[in-house]
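Novice: Structural data only, the sequence is not supplied:
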């Protein structure tokens, strides 16, 4: 998918994260925990964080990364920074 940061929708981002995690989109709900409910490895979380950093031309601090435990957290994080529409 080749979208600029301003073109991403929540559902496109959900689909891309599901693809990166090699899990069905239906598993990537707003409240599903990446580690617990989806059951992904720490390597996959790093892949998602790197994807977000590269896609949205930003850096995510370790403290911020600790708070991105669900897809919903990721969306809120990006919306607060006006990276995607609410």
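Specialist: Here it is on my side, so go on. The shown structure was predicted, so the numbers you read here are calculated from the model rather than taken from an experiment.

Novice: from here on, contacts and neighbour counts on C-alpha atoms
Specialist: Fine.

Novice: What distance do you get for residue 82 to residue 63?
Specialist: Separation of residue 82 from residue 63 (Cα to Cα, to the nearest Å) stands at 19 Å.

Novice: So between the two, which is more surrounded?
Specialist: In terms of neighbours (other Cα atoms under 10 Å), residue 82 is the more surrounded of residue 82 and residue 63; the figures are 12 against 8.

Novice: And the more buried one, how close does it get to residue 56?
Specialist: Applying Cα to Cα, one obtains 10 Å for the distance of residue 82 from residue 56.

Novice: got it, and residue 72?
Specialist: For residue 72, the distance to residue 56 (Cα to Cα) stands at 17 Å.

Novice: can you check residue 68 too?
Specialist: Using Cα to Cα, residue 68 is found at 15 Å from residue 56.

Novice: Looking at the two, which is more packed in?
Specialist: Neighbour totals were compared for residue 68 and residue 56, and residue 68 leads with 19 against 16 (other Cα under 10 Å).

Novice: ok, for the more buried one, nearest residue in space, not its chain neighbours?
Specialist: Distance criterion Cα to Cα, 6 or more residues apart in numbering; nearest residue to residue 68, sequence neighbours excluded, is residue 74 at 5.5 Å.

Novice: So the one you found, which state does it fall into?
Specialist: Classification of residue 74 by DSSP: H, G, I helix; E, B strand; the rest coil places it in helix.

Novice: What of residue 82?
Specialist: Secondary structure for residue 82, judged by three-state DSSP, is coil.

Novice: That one and residue 41: what is the separation?
Specialist: As for residue 82, its distance to residue 41 is 29 Å (criterion: Cα to Cα).

Novice: Check residue 74 too.
Specialist: 17 Å.

Novice: pLDDT weak spots in the chain?
Specialist: Along the chain, the parts satisfying pLDDT under 70 run over 1-6.

Novice: for it, what spans make up the helices?
Specialist: With helices called from DSSP state H, the chain shows them at 10-21, 42-55, 62-66, 71-80.

Novice: list the buried ones in the shortest one?
Specialist: In this case it means helix 62-66. By 16 or more other Cα atoms under 10 Å, the buried positions in helix 62-66 come out as residue 65.

Novice: hmm, who's touching it?
Specialist: If you take Cα atoms under 8 Å, 6 or more residues apart in numbering as the criterion, helix 62-66 is touched by residue 49.
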